[in-house]
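**Student:** Sequence plus the predicted model coming up.
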Amino acid sequence: MNSSCLQSWPEPVVCVQSLAESGISKIPGRYVKPPSQRPDGGTVKKMRNIPVVDMEKVESGAAVKEMAEACREWGFFQIINHGISGEMIECVKESWKEFFNQPLDLKNQYANTPATYEGYGSRLGIEKGAILDWSDYFFLNFLPLSLRNPTKWPAFPSSFKKVIEEYGDEVVKVCAKLMKGLSMGLGLEEEYLLNAFGGEKGIGGSMRANMYPKCPQPDLTLGLSSHSDPGGITILLADHNVPGLQVLKGNDWITVDPIPNALIVNIGDQIQVLSNGIYKSVKHRVMVNPNKERVSLAFFYNPKGDLIIEPSKELLTKERPSLFPPMTFDEYRLYIRKKGICGTSKHQQ
């Protein structure tokens, strides 16, 4: 598939936030999920906490076992004492809320295309006639620096670029610490996973701010459909006042209860591959709320696009041979781009 077929969306893009603010009492059919994919289309357990890891203890090695267990059993955990101030976290949240509350014509100055996804949009995937999610988003590239284009970043609020750059730099530091802990949890050298990603200069990073508007029929749709993340590690800055993230644990959907100023970490497909399935890239989804909108910010920490990602040789045994075929992250992203957010995890051999 070449990029020329990805220059435009198959249908006009509708801003979900505008739909929600129009006062409709029923959602358009394009947003109604099949019964099996609706929030009540499976067992939903009441809100509870996923594992919590203290980053100060990970750095000393004391919590490496806890982190590894969370990755094996859940694929998700929250981190506290991560070094990013509560003041910065609130500033980042408010900046994105301010952007999404701008008039639509101003936001549309940043309208994106499926060629890069960078900018403001309301759909993922290019399948014509697809059932859509109840959300808007803004996607931007952060690393490598050669892909960072601040002219595509919102010019309002005026402090936006400075705030996002500072936050992104801090998240990258947190991810480097996580990669060391994750490597040690597998019994590998602490630099193993970082080196497999291409080292500090090879890392790819991007952000997606998500706006989940109020929804008059939240039992019929989702803010984000069930999926696993294609990349390495995702760091989510959630709205702890309006829970919505659900994680699949066995056959149950667990609604995550975010801790104020904590960050939610989940393992992506590339780490699952490198660990040969020891660490789990788990499906998750986002519910919407009838009375409150939600804004969240996901940071995706990814391997260098042209490096082959395959299970670590140190983790292969006769009893547990390689479960995944070698593939570059660029190759995998093309697959995801064609299939949209519902694209499944890497296929096991």
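**Tutor:** Right, received. Where do you want to start? Numbering: from 1, shown residues only.
**Student:** Tell me the buried residues in the helix or strand encompassing Lys180?
**Tutor:** Using DSSP states H and E, Lys180 maps to helix 160-185. The neighbour-count check on helix 160-185 (16 or more other Cβ atoms under 10 Å) flags 160, 163-164, 167-168, 170-172, 174-175, 178-185 as buried. Backbone N, C-alpha and C define where each C-beta goes, glycine included.
**Student:** same deal with stretch 99-117?
**Tutor:** Here stretch 99-117 shows Phe99, Phe100, Gln102, Lys107, Tyr110, Asn112, Pro114, Tyr117 as buried, counting by 16+ other Cβ under 10 Å.
**Student:** Same question for stretch 125-134.
**Tutor:** For stretch 125-134, by 16+ other Cβ under 10 Å, it's Gly125, Ile126, Ala130, Ile131, Leu132, Asp133, Trp134.
**Student:** Pull that stretch out as PDB, backbone CA atoms only.
**Tutor:** Taking Å, rounded to 0.1, in the frame of the first residue of the first chain, the C-alpha atoms of stretch 125-134 are listed here in PDB:
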ATOM      1  CA  GLY A 125      -8.800   4.000  10.000                       C
ATOM      2  CA  ILE A 126      -9.800   4.500   6.400                       C
ATOM      3  CA  GLU A 127     -12.500   1.800   6.000                       C
ATOM      4  CA  LYS A 128     -15.500   3.300   4.100                       C
ATOM      5  CA  GLY A 129     -18.700   2.900   6.000                       C
ATOM      6  CA  ALA A 130     -17.000   1.900   9.300                       C
ATOM      7  CA  ILE A 131     -18.800   2.200  12.600                       C
ATOM      8  CA  LEU A 132     -17.200   5.300  14.300                       C
ATOM      9  CA  ASP A 133     -16.200   6.000  17.900                       C
ATOM     10  CA  TRP A 134     -17.700   8.800  19.900                       C
END
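**Student:** Report the rounded mean pLDDT for it.
**Tutor:** Averaged across stretch 125-134, pLDDT comes to 87.
**Student:** and that stretch, how far out from the chain's middle?
**Tutor:** Relative to the centre of its chain, stretch 125-134 is centred 18 Å away, using Cα atoms, centre = their mean, to the nearest Å.
**Student:** So which bits of stretch 244-254 are buried?
**Tutor:** Buried residues in stretch 244-254 (16+ other Cβ under 10 Å): Gly244, Leu245, Gln246, Val247, Leu248, Lys249, Trp253, Ile254.
**Student:** Turn the residues you listed into a markdown table, including distance to Met207 and pLDDT.
**Tutor:** Shown next, in a markdown table, are the buried residues of stretch 244-254 (distance: Cβ to Cβ, whole Å; pLDDT from 0 to 100):
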| residue | distance to Met207 | pLDDT |
| --- | --- | --- |
| Gly244 | 18 | 93 |
| Leu245 | 17 | 95 |
| Gln246 | 22 | 94 |
| Val247 | 21 | 95 |
| Leu248 | 24 | 94 |
| Lys249 | 27 | 92 |
| Trp253 | 26 | 91 |
| Ile254 | 25 | 92 |
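**Student:** Report the two of these separated the most.
**Tutor:** Gly244 and Lys249 (16.5 Å; Cβ to Cβ).
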